[in-house]
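K.L.:
I would like to see how this sequence folds:
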Amino acid sequence: MNNSSKNATHTSETAEITNMEFSSFILWCFAFGAVGIIVIIANTITILVFFSSKYLLRKRHNHFLILLAIFDIIVGLVVIPLYIYQLVSWWTNEHSVLRNTLYDIFTSMDILCGFASIFTLAVIAADRVYAIVFPFYHKVPPKGVYPCMIATVWVLSGLLVVYFFLFRINILPREAFVYLLLISISLSLLVICTSYLLVWARVRCFAITHGLKGASFRERRLAELLFLITVIFMFTWLPFHIVNFIFHFCANPKCQPSTKLVYFSKLLHYSNSFFNPIVYSYRNIEFRQCLKRLAKNVTSQSKPLLAERKEPNLKGDQRKRRMLLERQEAFRRIVMQESRV
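P.N.:
As a prediction, the model looks like this:
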């Protein structure tokens, strides 16, 4: 799609949101704002739970889940507020250098966090295959493998952002950038689906021959957990990408998606960022136990304050101190009398 068609489509989208009813506009802004707040709270709690437990931190695959939570927090803190600003600027029909600059920042951060999440889930799925198919080799991996895998996720996501800016300054063709995004999504989904198919086959064969007990049962639970995360990710991400590719590849105005459909798919896309913590607390027993322990430690700090307000307890404590002092004083007098004798 050339720049003229892009501008025409952007103009029609701006006109459509300008003609949107004020109540609908406020409702969309409120929905995105609520999602952003929930994303920040849920993922902050997730990171606190992971770092409050040395047992969870010792498990290498949890490092990828922490990385996923970090990307989700960035979505709630940066990406969603910038997207709400774009909605407001379209509604007010604002044209300024600040709007264009913030649009580039928003798009680059959206690409970075979105594809980093996709790449992270692909790495998690591949790591689970390696752990279940080759458990002995997975227990003692080569030194530096996991930091390199995390760095690879950042580098690949950053390269997509670089390609976006090359497209913005007309160095890279628009079609090349769109095809690059399509290839990245397709390969990641292929890795995820293939990995969990292998995990299911391995667990199924072991269940038939030995039964699911002990460590193998825990591996099955973890595989189910990560599979559920992947399904939710595809459900929340695929609609937005399908709408996005229809927008880029269909030149006929009749097949262009409506603004409400675009916003709904974008809302699904951002809602993925708070589905992950919900899945952790619902499916992961170890995470749930650490969450309960953390909540108990936080609530226990308020108990001394509550105890100070109870008069009977205070009087009882004072009575005990008085009796102890009287006994000490009586013992001191007896010792002094014996020393005089």
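K.L.:
now the strands: where do they sit in this protein?
P.N.:
Assigned by DSSP state E, the chain shows no strands.
K.L.:
what bits of it have low per-residue confidence?
P.N.:
Scanning the chain for pLDDT under 70 picks out 1-20, 94-95, 136-140, 206-223, 225-226, 280-283, 301-322, 324-325, 327-341.
K.L.:
if you set the cut-off to 50 instead, what comes out?
P.N.:
Low-confidence segments of the chain (pLDDT under 50): 1-12, 15, 305-314, 338-341.
K.L.:
how about the helices of it, start to end?
P.N.:
Secondary structure of the chain, counting by DSSP state H: helices at 3-18, 22-51, 54-58, 61-74, 80-92, 97-133, 135-139, 145-168, 174-209, 214-249, 259-283, 285-300, 303-308, 311-340.
K.L.:
Pipe those into a markdown table and attach mean neighbour count per row.
P.N.:
C-beta here means a position set from N, CA and C on the backbone, and glycine is covered the same way. Shown next, in a markdown table, are those (neighbours: other Cβ atoms under 10 Å):
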| stretch | mean neighbour count |
| --- | --- |
| helix 3-18 | 13 |
| helix 22-51 | 17 |
| helix 54-58 | 11 |
| helix 61-74 | 20 |
| helix 80-92 | 17 |
| helix 97-133 | 19 |
| helix 135-139 | 11 |
| helix 145-168 | 15 |
| helix 174-209 | 15 |
| helix 214-249 | 17 |
| helix 259-283 | 19 |
| helix 285-300 | 14 |
| helix 303-308 | 9 |
| helix 311-340 | 10 |
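K.L.:
Export only the CA atoms of stretch 47-65, formatted as CSV.
P.N.:
Taking Å, rounded to 0.1, in the frame of the first residue of the first chain, the C-alpha atoms of stretch 47-65 are listed here in CSV:
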residue,chain,number,x,y,z
ILE,A,47,6.8,-9.9,39.7
LEU,A,48,6.6,-9.4,43.5
VAL,A,49,5.5,-13.0,44.0
PHE,A,50,8.3,-14.3,41.8
PHE,A,51,11.0,-12.2,43.6
SER,A,52,9.6,-13.1,47.0
SER,A,53,10.3,-16.8,46.5
LYS,A,54,13.8,-18.1,46.0
TYR,A,55,12.3,-21.4,45.0
LEU,A,56,10.5,-19.9,42.1
LEU,A,57,13.5,-17.9,41.0
ARG,A,58,15.7,-21.0,41.0
LYS,A,59,13.5,-22.4,38.2
ARG,A,60,15.0,-21.2,35.0
HIS,A,61,11.7,-21.2,33.0
ASN,A,62,10.2,-18.7,35.5
HIS,A,63,12.7,-16.1,34.2
PHE,A,64,10.8,-16.1,30.9
LEU,A,65,7.5,-15.6,32.8
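K.L.:
quick one: contacts for Asn170?
P.N.:
Under the criterion of Cβ atoms under 8 Å, 6 or more residues apart in numbering, Asn170 has no contact partners.
K.L.:
From Leu187, how far out is it?
P.N.:
Look at Asn170 and Leu187: by Cβ to Cβ, to the nearest Å, they are 27 Å apart.
K.L.:
now swap in Leu121 and tell me
P.N.:
As defined by Cβ to Cβ, Leu121 lies at a distance of 12 Å from Leu187.
K.L.:
again, but for Gly158
P.N.:
On the measure of Cβ to Cβ, Gly158 and Leu187 end up 17 Å apart.
K.L.:
And for Val153?
P.N.:
Distance from Val153 to Leu187, counting by Cβ to Cβ: 14 Å.
K.L.:
so what's the nearest residue to Asp127 once chain neighbours are set aside up against?
P.N.:
Nearest non-adjacent residue to Asp127, counting by Cβ to Cβ, 6 or more residues apart in numbering: His61, 5.7 Å away. The contact partners of His61, by Cβ under 8 Å, 6+ apart, come to 124, 127-128, 131, 222.
K.L.:
okay, those in CSV with distance to Phe264 next?
P.N.:
Listed next are these as CSV, based on distance: Cβ to Cβ, whole Å:
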residue, distance to Phe264
Ile124, 28
Asp127, 33
Arg128, 32
Ala131, 37
Leu222, 32
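K.L.:
So which of the residues you listed is the closest to Phe177?
P.N.:
In terms of Cβ to Cβ, no member of these lies closer to Phe177 than Ile124, at 26.7 Å.
K.L.:
from memory the closest one sits against Ile66, does it?
P.N.:
No - between Ile124 and Ile66 there is no contact under Cβ atoms under 8 Å: 11.5 Å.
K.L.:
how distant is stretch 148-160 from the center of its chain?
P.N.:
Relative to its chain's centre, stretch 148-160 lies at 17 Å (Cα atoms, centre = their mean, to the nearest Å).
K.L.:
Which residues outside it are in contact with it?
P.N.:
By Cβ under 8 Å, 6+ apart, stretch 148-160 touches 63-64, 67, 111-113, 115-116, 119-120, 123, 127, 180-181, 184.
K.L.:
Go again with 6 Å.
P.N.:
111-112, 115-116, 119-120, 123 (Cβ atoms under 6 Å, 6 or more residues apart in numbering).
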